[in-house]
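**Q** Whatever this is, show me its structure:
(one chain, ligands or ions: 1)
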Amino acid sequence: MEFILSDTYEQMSGAAAEILAKELKRKPNAVFALPTGSTPIGTYQALAKQNREGQIDFSQGNFFNVDEYVGLSRESEQGYYHFLYTNLYQHVNVDLAKTHAPDGTAADPELAAIDYERQIDSLGGLDVAFLGIGRNGHIGFNEPADSLHYATYCVTLTESTIEANARFFASVDEMPKQALTIGIGTIMKADKIVMVAHGEDKAEAIRRLKEDTSLNTGFPSSLLRLHPDVTVVTTIK
Ligand code: PGA
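**A** This next block holds a predicted model:
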């Protein structure tokens, strides 16, 4: 696991965007998993700038949301597909037919999860998994638990995550309590993993990722230690 330390949020975003842009140049039809959250917004802005300036082309790339809330549609403003549409897709020359998210409105979320994993597999799996990290060490919505899931699944969110994300909803009651997320196996099969982490509330999680060498399903990002190509770009010392 390689850590790249940046002085500022802008530098972190630029460094992460550089890595992702390089992958897109190397393989224009690469398959990416993309996260939601405050942290990756700057990376998406930097990628959009590169696209505007003609340095990278999104038209052949395939983009999969890392996760989506159960109960929210693609059009829902708090939904995660909508987040990627607003923060990235509408600013770049992406082919929207190549943008994917788990179906949060499916009558059977378990079937939607299986279908999503199939969609990723049908393109040969992920080339790049771009991730944030939760305060509790979650990646995607793979929450701390006694056991973790290999493939995309329907997860019940933890109190810590509900508390962290309720700010995006009118009240905590309106926040979905379940989500569909790509699994730990889906992530681990990616050729390359890139993580961004910024802010005081992530300091403990990053310290633990750096210093505690155990593999612990109670701290899901610790599993990334098993992967040969992980870059964590962070402002956290
Ligand atoms: P954040 O979320 O970027 O909004 O902090 C990251 C995460 O919880 O995975």
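**Q** Number of residues surrounding the closest residue to residue 203 other than its chain neighbours?
**A** Using Cβ to Cβ, 6 or more residues apart in numbering and skipping the chain neighbours, the partner closest in space to residue 203 is residue 236 (5.1 Å). Just so you know, the C-beta spots here come from the backbone N, C-alpha and C atoms, and that holds for glycine as well. For residue 236, the neighbour count with other Cβ atoms under 10 Å is 20.
**Q** now do residue 182
**A** The local packing count at residue 182 equals 30, with neighbours defined by other Cβ under 10 Å.
**Q** go on, residue 11?
**A** The number of residues packed near residue 11 is 15, by other Cβ under 10 Å.
**Q** which residues sit against the strand or helix carrying it?
**A** Remark: residue 11 resides in helix 9-26, with elements defined by DSSP states H and E. If you take Cβ atoms under 8 Å, 6 or more residues apart in numbering as the criterion, helix 9-26 is touched by 4, 6, 30, 32, 40-43, 45-47, 50, 55-58, 61, 127-128, 130, 192, 194, 196, 198, 231, 233-235.
**Q** Surely residue 218 is in contact with residue 143?
**A** No: with contacts defined as Cβ atoms under 8 Å, residue 218 does not count as touching residue 143, sitting 9.7 Å away.
**Q** So these two - more neighbours on which side?
**A** In terms of neighbours (other Cβ under 10 Å), residue 143 is the more surrounded of residue 218 and residue 143; the figures are 23 against 13.
**Q** Look up how far the ligand lies from residue 228.
**A** With the distance defined as Cβ to the nearest ligand atom, to the nearest Å, residue 228 ends up 22 Å from the ligand.
**Q** Quick one: residues contacting that residue.
**A** For residue 228, counting by Cβ under 8 Å, 6+ apart, there are no contacting residues.
**Q** Could you measure from it over to residue 193?
**A** According to Cβ to Cβ, to the nearest Å, residue 228 stands 10 Å off from residue 193.
**Q** coming back round to it: show me which of the contacts of helix 9-26 neighbour the ligand.
**A** Filtering these for neighbours of the ligand using Cβ under 6 Å from any ligand atom leaves an empty set.
**Q** Give me the buried subset of those residues.
**A** A residue is treated as buried here by neighbour count (16 or more other Cβ atoms under 10 Å); on that basis the buried members of those are 4, 6, 30, 32, 40-43, 45-47, 50, 56, 58, 61, 127-128, 130, 192, 194, 196, 198, 231, 233-235.
**Q** quick one: which of the residues you listed sit in helices?
**A** 41, 42, 43, 45, 46, 47, 50 (DSSP state H).
**Q** Specify which member of those residues is nearest to the ligand.
**A** Using Cβ to the nearest ligand atom, residue 41 is the member of these that lies nearest the ligand, at 8.2 Å.
**Q** Which residues of the protein lie near the ligand?
**A** Remark: the part of the chain in contact with the ligand comprises 37, 38, 39, 132, 133, 134, using Cβ under 6 Å from any ligand atom.
**Q** Mind checking which of these are buried?
**A** Neighbour counting with 16+ other Cβ under 10 Å marks 37, 39, 132, 133, 134 as buried within the residues of the chain next to the ligand.
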